[in-house]
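1. sharing a model that was predicted from the sequence below.
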2 protein chains.
Amino acid sequence: MNAAAFVRGAAHVEINEVAPRDGLQIEPLVVPTEAKLGFVDALSACGFARIEATSFTSARAIPALADAEAVMHRMQRVPGVRYTALVPNLRGLERALSCAPDELNLVMSASETHNRANLRMTRAQSLAQLEAMIAEAGKAGVPANVSLSTVFGCPFEGEVDDAEVLALAQRLAEAGAAGITLCDTTGMAYPDQVAHLCMAFQARLPAAALTIHLHNTRGMGLANALAAWQAGVTRFDAAAGGLGGCPYAPGASGNVSTEELVHMFAAMGVETGVDLGRLLQAVAGLPDMIGRDPGSQLLRAGPRLRTHRPPDWLAAHFAAAGAA
Amino acid sequence: MNAAAFVRGAAHVEINEVAPRDGLQIEPLVVPTEAKLGFVDALSACGFARIEATSFTSARAIPALADAEAVMHRMQRVPGVRYTALVPNLRGLERALSCAPDELNLVMSASETHNRANLRMTRAQSLAQLEAMIAEAGKAGVPANVSLSTVFGCPFEGEVDDAEVLALAQRLAEAGAAGITLCDTTGMAYPDQVAHLCMAFQARLPAAALTIHLHNTRGMGLANALAAWQAGVTRFDAAAGGLGGCPYAPGASGNVSTEELVHMFAAMGVETGVDLGRLLQAVAGLPDMIGRDPGSQLLRAGPRLRTHRPPDWLAAHFAAAGAA
């Protein structure tokens, strides 16, 4: 399309807050369980559609999330919020299912090298395992979403072929995945790429729930979110404070910041259901929890209509000049 | 428009690099003239359409740019680049015209309070002075662009009325302004607002050259640039390293980062004429020049296709597993 225009997406979108999992798993500081519970509970009061509360990985691989069961059992579940957990393999599945998650989030990469580095399996091995996990989860009555990493580019391989991504998504959808998340794992996505892959996905798999997972590594986080929204996407992952990153891409900054995403949608009149004031309170508590300041620009600057007092000299200056 | 789509803007856009003026004017460190010249000359090698090299304000108001004449006289002008200078008042105009600028950039605010705080004049006084300045510049054969501040919101007054902005733009265009820059001075703009004001501007003043000037205060810099591009805008201000800010809006971060804007356009196949590698070299020199690290995300992460070596254990692991 070439005529100047602004395309509007859906009037309502859903936010999946992933900081408790995708943010805390990579923080150098291991956050104590009590502090995590306070964080998850604060997020539960914000109005998110989903909260990814933890990950059932091995405590050896990710010590920061070794308390997955405690978090799932002790958080205060708020009606209307769906609590999800990431599950990387069959061992994790059994643990997760013992904690009554509302949904599971499984994971594999679209690129072979990233799948091997991140999951120590070939893509073929991952696919076979995911199919078994989706079936197991189905028996337990728990929907399983699959997050496809590196669909917009791989930090080892470079460009990733859309056709491969769509074929993988189709195979997972046919295996019974409740939804697919297209993940820009290391912030390689750009707006028209995001829009076109999302539109192609929806054309090919109209019944599959599509979520987009974006990073802000190269400043394009919200631009990509805008393009995804224009392309019809209604489900967005985001992390409070922009937490997160990728150990395999040095310099990669974190996820799209939830507060900036919610703020942009609110300014455009798009309903997220999220209370920005409460969310900013939760973000304000992050430095205490993780021992560093994630540097939330929105927290620092305030929402766009937070006005400031004019300088004190102004009134006197213009009164004296006879101009006020 | 409501059907999912990705609207493409122009295939070629022009970048106006404003860091030497809009960035350095607010840095706490006064950069020595020699270092400034090195910076401007490095930028001249990048392929910008325009470089705003300095500002002819009073040395008392902005000591950092007291060397405006020296910069204009001693920089190495590269054919094809248009060198502009900001001029805030009639006193500055005479100084500027003695330095053979290719274009001038005049300034006033769309909101009354910001105009008074920033320029110590009412808007009526500013308008009268700008009309005189445009006429003077015209006599000297130098085109004068006007940057309209706070058109997407005022840090003192809040929302700014589009109708007032357009009326002001029309009056300046009728006075002979060569172009108008719509400035999001403190980062209050959001994408549909940007698109709609830019489309309304072009509908009303189709002959006026429109430039957009965006900040990244609330993370929306590139999202707003994308919306402006989709709305038909072809001229963008940006500052290397994302330098800049606004003294009247605490917490406001700087301009849209030139390297991130150029990188996004390049990814989308939009020609800017800017050599990203050279630009990143200039950005890499900023910490030495200004005595602080502006924290360029793109410099840290590298362009999107900068790939990394897989972890060393990978090959051995999969060879041993018989899976590689």
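-> Structure received. What you see is a predicted model; the values in this text were computed from it and never measured. Numbers count the residues shown, from 1 in each chain, chains lettered A, B, ... in the order given.
2. what's the helix or strand hosting A:Ala117 in contact with?
-> Secondary-structure assignment from DSSP states H and E places A:Ala117 in helix A:112-119. By CB atoms under 8 Å, 6 or more residues apart in numbering or on different chains, the surrounding residues in contact with helix A:112-119 are A:88-89, A:107-109, A:121-123, A:126, A:149-150, A:154-157, A:185, A:248, B:310-311, B:314, B:317-318. The way it works is simple: take the backbone N, C-alpha and C, and place the C-beta from them, glycine included.
3. around chain B, which positions in the stretch 101-250 of chain A sit nearby?
-> With the criterion set to CB under 8 Å from any CB of the partner chain, the stretch 101-250 of chain A comes near chain B through A:113, A:116-117, A:120, A:122, A:125, A:153-159, A:187-188, A:190-193, A:195-196, A:199, A:202, A:216-223, A:225-227, A:230-232, A:248-250.
4. only alpha carbons, please: show the helix holding A:Ala117 as PDB.
-> Included here for helix A:112-119 are C-alpha records, laid out as PDB according to Å, rounded to 0.1, in the frame of the first residue of the first chain:
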ATOM      1  CA  GLU A 112      18.700 -24.600  14.000                       C
ATOM      2  CA  THR A 113      21.700 -23.100  15.700                       C
ATOM      3  CA  HIS A 114      19.700 -21.100  18.300                       C
ATOM      4  CA  ASN A 115      17.600 -24.100  19.100                       C
ATOM      5  CA  ARG A 116      20.700 -26.200  19.700                       C
ATOM      6  CA  ALA A 117      22.400 -23.500  21.800                       C
ATOM      7  CA  ASN A 118      19.300 -22.600  23.800                       C
ATOM      8  CA  LEU A 119      17.700 -26.000  24.200                       C
END
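5. mind listing what's buried in that helix?
-> Buried residues in helix A:112-119, counted by 16 or more other CB atoms under 10 Å in any protein chain shown: A:Glu112, A:Thr113, A:His114, A:Asn115, A:Arg116, A:Ala117, A:Asn118, A:Leu119.
6. before we move on, what about stretch A:10-20?
-> Counting neighbours by 16+ other CB under 10 Å, one finds that the buried residues in stretch A:10-20 are A:Ala10, A:Val13, A:Glu14, A:Ile15, A:Asn16, A:Glu17, A:Val18, A:Ala19, A:Pro20.
7. re the thing from before, quick check on the residues of the stretch 101-250 of chain A next to chain B: which are buried?
-> Among those, those classed as buried by neighbour count (16+ other CB under 10 Å) are A:113, A:116-117, A:120, A:122, A:125, A:153-157, A:187-188, A:190-193, A:195, A:199, A:202, A:216-223, A:225-227, A:230-232, A:248-249.
8. hmm, back to that, so how far is the helix holding A:Ala117 from its chain's centroid?
-> From the chain centre to the centre of helix A:112-119 is a distance of 20 Å (CA atoms, centre = their mean, to the nearest Å).
9. what's the first helix or strand after it?
-> Toward the C-terminal end, the helix or strand that comes next after helix A:112-119 (DSSP H and E) is helix A:123-139.
10. chain center to that next one: distance?
-> Helix A:123-139 sits 22 Å away from the centroid of its parent chain (CA atoms, centre = their mean).
11. can you spell out which helices and strands pack onto it?
-> Contacting helix A:123-139 under the criterion 3 or more CB pairs under 8 Å, 6 or more residues apart in numbering or on different chains; DSSP states H and E are the following elements: helix A:90-97, strand A:103-109, helix A:112-119, strand A:144-149, helix A:162-174.
12. could you give the angle of that helix to strand A:103-109?
-> In terms of direction (axes from the mean of the first three to the mean of the last three CA atoms, to 10 degrees), helix A:123-139 departs from strand A:103-109 by 170 degrees.
13. quick check: buried residues in helix A:123-139?
-> Buried residues in helix A:123-139, counted by 16+ other CB under 10 Å: A:Arg123, A:Gln125, A:Ser126, A:Leu127, A:Gln129, A:Leu130, A:Glu131, A:Met133, A:Ile134, A:Glu136, A:Ala137.
14. show me the contacts for the closest residue to the third one other than its chain neighbours.
-> Right, A:Ser126. Leaving aside its chain neighbours, A:Ser126 sits nearest to A:Met108 (4.0 Å; criterion: CB to CB, 6 or more residues apart in numbering or on different chains). Applying CB under 8 Å, 6+ apart, we find A:Met108 in contact with A:Asn115, A:Leu119, A:Arg123, A:Ser126, A:Leu127, A:Leu130, A:Val146, A:Leu148, A:Ser149, A:Leu168.
15. which ones are touching the fourth one?
-> Contacts for A:Ser126 (CB under 8 Å, 6+ apart) come out as A:Met108, A:Ser109, A:Asn115, A:Leu119.
16. same thing but at 7 Å, please
-> Going by CB atoms under 7 Å, 6 or more residues apart in numbering or on different chains, A:Ser126 touches A:Met108, A:Asn115, A:Leu119.
17. now render these as a markdown table, adding pLDDT.
-> Compiled in a markdown table, the contacts of A:Ser126 are given as follows (pLDDT from 0 to 100):
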| residue | pLDDT |
| --- | --- |
| A:Met108 | 98 |
| A:Asn115 | 97 |
| A:Leu119 | 93 |
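18. A:Gln25: which of the residues you listed is nearest?
-> Sorting the contacts of A:Ser126 by distance to A:Gln25 puts A:Leu119 at the head of the list, at 14.1 Å, by CB to CB.
19. re the thing from before, hmm, which of the contacts of A:Met108 is lowest in pLDDT?
-> Comparing pLDDT over these singles out A:Leu119 as the least confident position, at 93.
20. show me what counts as buried in stretch A:295-313.
-> Neighbour-count burial for stretch A:295-313, with 16+ other CB under 10 Å as criterion, is recorded at A:Ser296, A:Gln297, A:Leu298, A:Leu299, A:Ala301, A:Gly302, A:Pro303, A:Arg304, A:Thr307, A:His308, A:Pro310.
21. can you tell me, leaving aside adjacent residues, what's nearest to the most centrally placed residue in chain A?
-> By CA atoms, centre = their mean, the mean C-alpha position of chain A lies nearest to A:Asp237, the distance being 2.6 Å. By the measure of CB to CB, 6+ apart, the closest residue to A:Asp237 outside its immediate chain neighbours is A:His213, 3.9 Å from it.
22. let me know the pLDDT of the one you found.
-> The predicted local distance difference test score for A:His213 is 98.
23. against chain B, how distant is A:Leu243?
-> From A:Leu243 over to chain B the distance is 14 Å, taken as CB to the nearest CB, to the nearest Å.
24. check contacts around that residue.
-> For A:Leu243, the contacting residues are A:Ala19, A:Gly23, A:Gly254, A:Asn255, A:Pro294, taking CB under 7 Å, 6+ apart as the criterion.
25. and the contacts of A:Ser126, which is closest to B:Met289?
-> Nearest member of those to B:Met289, counting by CB to CB, is A:Asn115, at 43.0 Å.
26. name the nearest residue to that closest one, sequence neighbours excluded.
-> Here the residue nearest A:Asn115, using CB to CB, 6+ apart, is A:Ser109, at 3.8 Å.
27. burial of the one you found, as a residue count?
-> 27 (other CB atoms under 10 Å in any protein chain shown).
28. ok, it - contacts?
-> Residues in contact with A:Ser109, defined by CB under 7 Å, 6+ apart, are A:Asn115, A:Asn118, A:Ser149, A:Thr150.
29. for chain A, which segments count as strands?
-> Counting by DSSP state E, chain A has strands at residues A:14-17, A:50-55, A:82-87, A:103-109, A:144-149, A:179-183, A:209-213, A:235-238.
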